[in-house]
Each structure stands twice: as structure tokens, then as C-alpha cells.
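Q: Next one to model:
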Amino acid sequence: MARNIGVISDTHGLLREQVKSRLRGCDAIVHAGDIGSESVLIELRQIAEVVAVRGNVDNGPWANGLNRTEYLEINGARICVIHDIGTLDLDPAGAGVNVVIYGHSHKPSIDRKDGILYLNPGSAGPQRFRLPVSMALLCVGPEGIVPELIEL
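A: The predicted structure follows:
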């Protein structure tokens, strides 16, 4: 059975109603860092199970329990979550990773390289620069891994 994963990053303390609405019904939520405040995690946990990593703006006691990198397995797909792709210190293919989810740049993108899916949902928080406010959905099922970027 396919599992639907909501993917967000760079909320910087702002969890928009549009984001929460799109996340409802997801089996899990991945937050790729720069959460900004504990209240964002509290609200997300009311929607679904949350896997979150610490970003460069996540400081203070509430963020101390967050790792810089997380790994999860969904329907046989191994997913690595990191905030800044530039700090990734492993070879995803060699580590058996199928998907790398990251944030930091605020630029939404879907790339495939050497059989690995690289997904940046962009920024779901305050609009920065001229980049869109965005998030992603990731469907992981028997037919494979299907990403979708959503501009808000």
C-alpha cells in the first residue's frame, strides 16, 4: 500500500494554514530543518508522525534533541533527511539510500542522479527573495517513489 509523506522545510517559525491543510491525510511528515520554533513541531505532530532535522537557525533547548541527519524507511525505500545538502557526508548509493530530502536553499527542486532522488521542497515559511512558497508530497508505494512539488 502506498504511503503519502508530506515534505516541508524552512518554516522559520511560520506554519501556514495552507501547509497544514495539504499535510492533513498524510501518513507522515518530514521537516528538513530551519523549523524556527517548537510550536511548529507541536502543530505538525497533531497532524501526523513527524521526522525533523535541525537546521542552522534551530537553536535553544527545544532543538537540542534534533539530529542533523535522520534516516527512515518507508515501504522499503530508504530516505535520508538533512538540512544542508552541502553537509551530506555519505555516498547515498553506497549507503543504500533511495531518496535524499534537504532544504536550506529555499529553492524547490526534484533531481535524479545515479538512481537517487534528491528532493528539496523549498520554503514553506516566510517568502524570501523571489522564491516561491512551496512544499512537496512524496508517494512511496509498490509502483515506486513519486515526488510532487506544490507551490502555495
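
Q: Now do the helices in this protein.
A: 17-23, 38-45 (DSSP state H).

Q: Run through who's touching the shortest one.
A: Think helix 17-23. 6, 8, 11, 29, 43-44, 47-48, 124, 135, 137, 150, 152 (C-beta atoms under 8 Å, 6 or more residues apart in numbering). Heads up, the C-betas are built off the backbone N, CA and C, glycines and all.

Q: Same question for the last one.
A: Residues outside helix 38-45 that contact it (C-beta under 8 Å, 6+ apart): 11, 13-15, 20, 23, 29, 31, 35, 50, 52, 62-63.

Q: one more time with 7 Å, if that's ok
A: Here helix 38-45 makes contact (C-beta atoms under 7 Å, 6 or more residues apart in numbering) with Thr11, Gly13, Leu15, Lys20, Ile29, His31, Ile35, Val50, Ala52, Trp62.

Q: ok, back up a step: can you check the contacts of helix 17-23 and name whichever has the most neighbours?
A: Among these, Ala124 has the most neighbours (other C-beta atoms under 10 Å), with 33 neighbours.

Q: I'd assumed His12 was in contact with that residue.
A: No. Using C-beta atoms under 7 Å, Ala124 is not in contact with His12; the gap is 9.1 Å.

Q: burial measure for Gly96, as a count.
A: Here the number of neighbours of Gly96 (other C-beta under 10 Å) works out to 10.

Q: again but with Gly125, I slipped
A: By other C-beta under 10 Å, 22 other residues sit near Gly125.

Q: Return the distance of Ser134 relative to Asn64.
A: 29 Å (C-beta to C-beta, to the nearest Å).

Q: Compare these two and say which one has the larger neighbour count.
A: In this view Ser134 and Asn64 are compared by other C-beta under 10 Å, and Ser134 has more residues nearby, 22 against 9.

Q: wait, doesn't that one sit right on Gly125?
A: No. Counting by C-beta under 7 Å, Ser134 does not reach Gly125; the two are 10.5 Å apart.
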